[in-house]
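[1] Show me how the following folds:
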Amino acid sequence: MTYRYVTVDTPWQTRRSHAAGGVPGMFGGTIDALLNLQALHGHVVAAWEARGGVRGSAFRDQFLEGYKGTRKPAPEGYGPAVEELMEILPAFGITQAWCEAEADDVAATIAREWPGPHLLYCVDKDWLQLIDEEVHALRMGKLITLENFGEVKVDGYDGFTPDMLTGYLTLAGDNTDCIPGLPKVGKKRAMDILRACPGFVDLMLAGHGSAARAELAAGHATLVQWASVAEEHMEILKASYEAVTLYTLDLEVVEAAPDPGKAVDWLHRHDLGHLAERASEMQEDEHPEATEEDPDGDLPW
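    Alright, predicted model coming up:
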C-alpha cells in the first residue's frame, strides 16, 4: 500500500511513473488511509511483505522463475522508511502482520483463518479471489461483496466469480508480474473460455487428458482446441496458476498498542500535524469476547 498511495514531492515514482512523495508522502498517505479505515471500521490490520531485507516476491520464484523480474528496485530510503512506519503504527492502534511471502498472502491467511467478517482495503485485483460471505473488499471506493461480484470489472471484463478470477489470471497472465499465462490465449480469449467453462483451469490441472477433452467437447466444441494447448504447455499453465494463487502461511503479528501521545508527537516531528487531531481521538479496541471457538478470547480478530 505504501508504495502505491504516496503523494507530495518527488523524487520517488510509482511503477506506473506517477509522481510519488518520498518519505513525507508515504508517511502522510499511509497514516491518513489507516486512520480513515479505523474511524469507519474499528480494528485495522496492516499487511506487509517479508521483513529483514527479504524480497517477499521471492516466495513465488519457486513456482515461476523470473516472477516480478522486471520490477525496478524500491527507491533509496524506502526500506528504512517502511521500518520506521512499522515501528510507530502500533501507537496509532494498528495491528500489523507479515509472513515469508507477500502482503497478498497475509491478507489470504487473515481472511481464511481469523474470525470474520473482514473488509479488505485493496487496489490489487488478486485480492478479489478472497471474496466470500464473510470477506468483502473496498476497491477504488467501491464495496465489493459476493452479491455484486459479477459487476466487478477486471481488465474491462465483468461476470466473474472469485474462483473464476483465479482461472482468468492463470490463463491471461499478468505482464506486470511476469506471469506468462497460457500461450496464444490473452485476456479476451481467457474470458471466452471461462464463460463457456468456468472450471477449465481446474479441469486441465487435474490431468484427466482425453476424459477432460470429452467433457469440454460436450459443453463447447471449441474448448477442445484450448484443452490441447493447455496440455502442450502444462508446465506453463501450472506455474502461472501457482503464481496467482494466494497462500495460507504462518504470520508474524504485532498487536496494536494505542498511545495517542506518542502518535501525535511522531506526526508533529514529520510535519503531519494536520492528522494529529484524528490520531488523538482514536480509541483502543476492546478485547474480543470469549466464544465457543475461542474460549479465552485471545485469537486475533
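[2] now A91, what's its secondary structure?
    helix (DSSP: H, G, I helix; E, B strand; the rest coil).
[3] wait, it sits on V254?
    No. Assessed by CB atoms under 8 Å, A91 is found out of contact with V254, at 11.3 Å. C-beta coordinates here come from the backbone N, C-alpha and C atoms, glycine included.
[4] Who has more neighbours out of these two?
    Comparing A91 with V254 by other CB atoms under 10 Å, the one with more neighbours is A91, at 20 against 16.
[5] ok, the more buried one - contacts?
    Counting by CB atoms under 8 Å, 6 or more residues apart in numbering, A91 makes contact with A257, P258, D259, P260, K262, A263, W266.
[6] quick one: which of those residues has the most company?
    Neighbour max across these (other CB under 10 Å) = A263, 24 neighbours.
[7] And it, how far from G42?
    Using CB to CB, to the nearest Å, one gets 17 Å for the distance from A263 to G42.
[8] what's the answer for G25, then?
    Taking CB to CB, one finds G25 at 27 Å from G42.
[9] Pick out whichever of those two has more residues nearby.
    Shown here are G25 and G42; by other CB under 10 Å, G25 has more neighbours (20 against 13).
[10] Could you check how far whichever helix or strand the more buried one is part of is from the centre of its chain?
    Per DSSP states H and E, G25 falls inside helix 22-41. Offset of helix 22-41 from its chain centre (CA atoms, centre = their mean, to the nearest Å): 18 Å.
[11] pLDDT averaged over it, what's the number?
    On average, the pLDDT along helix 22-41 is 86.
[12] re earlier: list just the nearest of the contacts of A91 to D105.
    A257 (24.8 Å; CB to CB).
[13] Can you tell me the closest non-neighbouring residue to that closest one?
    P90 (4.3 Å; CB to CB, 6 or more residues apart in numbering).
[14] now swap in G156 and tell me
    Nearest residue to G156, sequence neighbours excluded (CB to CB, 6+ apart): K187, at 7.9 Å.
[15] Can you get me a residue count around that neighbour?
    K187: 17 neighbours (other CB under 10 Å).
[16] Make sure it is actually in contact with L169.
    No. Counting by CB under 8 Å, K187 sits too far from L169 to count as a contact (10.2 Å).
[17] can you map out the strands along this structure?
    Assigned by DSSP state E, the strands in the chain fall at 44-48, 94-98, 118-121, 135-139, 142-144, 252-254.
[18] wait, doesn't A103 sit right on A50?
    No. Counting by CB under 8 Å, A103 stays clear of A50, with 9.5 Å between them.
[19] what sits in contact with each of these two?
    Here A103 and A50 share the contacting residues G56, scored by CB under 8 Å, 6+ apart.
[20] Pull up the gap between the spatially most central residue of the chain and A47, please.
    Nearest to the geometric centre of the chain sits D104, at 3.5 Å (CA atoms, centre = their mean). Note on D104: its distance to A47, by CB to CB, is 8 Å.
[21] Now do the contacts for the residue nearest to G156.
    K187 makes contact with D155, G156, Y157, A172, according to CB under 8 Å, 6+ apart.
[22] Just put those in a markdown table and tack on neighbour count, distance to G181 and pLDDT.
    What follows is those, written out as a markdown table (neighbours: other CB atoms under 10 Å; distance: CB to CB, whole Å; pLDDT from 0 to 100):
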| residue | neighbour count | distance to G181 | pLDDT |
| --- | --- | --- | --- |
| D155 | 13 | 12 | 90 |
| G156 | 8 | 16 | 90 |
| Y157 | 17 | 14 | 91 |
| A172 | 25 | 5 | 96 |
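[23] So which of these are in helices?
    Among these, the members falling in helices (DSSP state H) are A172.
[24] so which of the contacts of K187 would you say is closest to N148?
    Within the contacts of K187, distances to N148 taken as CB to CB reach their minimum at Y157, with 15.4 Å.
[25] Can you tell me how far that closest one is from M140?
    Taken as CB to CB, the span from Y157 to M140 is 16 Å.
[26] now swap in R269 and tell me
    With CB to CB as the criterion, R269 and M140 are 33 Å apart.
[27] Next: G207.
    From G207 to M140 the distance is 38 Å (CB to CB).
[28] Next: W127.
    For W127 relative to M140 (CB to CB), the value is 12 Å.
[29] if you count what's nearby, which of the two comes out ahead?
    W127 (22 against 10).
[30] got a list of what that one touches?
    Neighbouring residues of W127 by CB under 8 Å, 6+ apart: D104, A107, L120, A137, R139, L246.
[31] could you redo the last one with a cut-off of 7 Å?
    Residues near W127 by CB atoms under 7 Å, 6 or more residues apart in numbering: D104, A107, L120, A137.
[32] Great, nothing more from me.
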